[in-house]
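# need the 3D shape of this:
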Amino acid sequence: MGETTAVAVSRLHDDGRVICEQADGFQFNDQLIGSTSSILSDRPGSESLMRLKLLILTKEDVETKYPDFIKQDFMEGFESALLIPIPTRKIYGLALQVKVKEIEGFEEYAACVQSFISIYESFLSDSKESGAINRSIPASKKLTPRQELIVRLIKESKTNQAIALELGYSESLIRQETIIIYRKLGIQGRKDLISENA
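Now for the predicted structure:
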């Protein structure tokens, strides 16, 4: 695209806070780093993380769809925003100087970028651990309360769709959480989970 892009990376914590960990290219990088919001807030990043859905927004979309979004001119000089949620509970937010909705094929391109970042983040996560497939779970890798609830529902033979309906989340979020659960438990999939304590 040849245009300047600003990038911010935020992480969803177990207590529901979304905290910006890195920012580059924004006029107010220092103010953005460490900023905190709730996963339940009316913000584009919160929606993207909750639904684990890639969002492509114009500056006008941000202003009209998220009226409660606290702006500190982070979008100044930019025309579009791309929000890329990653199953490792991170979100990459990009501000772009062009109106990307006018670029043919941009949504497919963004989905491809999301796949690459997901693979990269998964690799980083795995490389920080021992590498053994059936390792014990370190304290930081214990299941969250939501993940424990999902495990219980899986053991009741419920589908991802049924779990999503029961818990009020998107099916995509449940699917991504199950991937994280399998990785944390060192198992291959649903059958292993169901037979684990059958």
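
# CA atoms for contacts and neighbours, from now on please.
Noted.

# who does the most centrally placed residue in the chain bridge with?
Centroid-nearest residue in the chain, with C-alpha atoms, centre = their mean: residue 85, separated by 2.9 Å. Residue 85 forms beta bridges with residue 91, as assigned by DSSP bridges.

# that one and residue 54 touch, don't they?
Yes - Residue 85 lies in contact with residue 54 (C-alpha atoms under 8 Å); the separation is 6.4 Å.

# mind listing the shared neighbours of these two?
48, 114 (C-alpha atoms under 8 Å, 6 or more residues apart in numbering).

# could you give the average pLDDT over the lengthiest helix in the chain?
Longest helix in the chain by number of residues (criterion: DSSP state H): helix 106-127. The average pLDDT within helix 106-127 is 81.

# which strands and helices sit next to that helix?
Using 3 or more C-alpha pairs under 8 Å, 6 or more residues apart in numbering; DSSP states H and E, the elements in contact with helix 106-127 are strand 80-86.

# again, only using 10 Å
strand 55-58, strand 80-86, strand 90-96, helix 171-185 (3 or more C-alpha pairs under 10 Å, 6 or more residues apart in numbering; DSSP states H and E).

# re the thing from before, wait, isn't the residue nearest to the centre of the chain in contact with residue 56?
No - when contacts are counted by C-alpha atoms under 10 Å, residue 85 is not listed as touching residue 56 (11.7 Å).

# the residue nearest to residue 81 when sequence neighbours are not counted: what's it in contact with?
Distances taken as C-alpha to C-alpha, 6 or more residues apart in numbering place residue 95 nearest to residue 81, at 4.6 Å, with adjacent residues excluded. Applying C-alpha atoms under 10 Å, 6 or more residues apart in numbering, we find residue 95 in contact with 4-8, 25-26, 57-59, 74-83.
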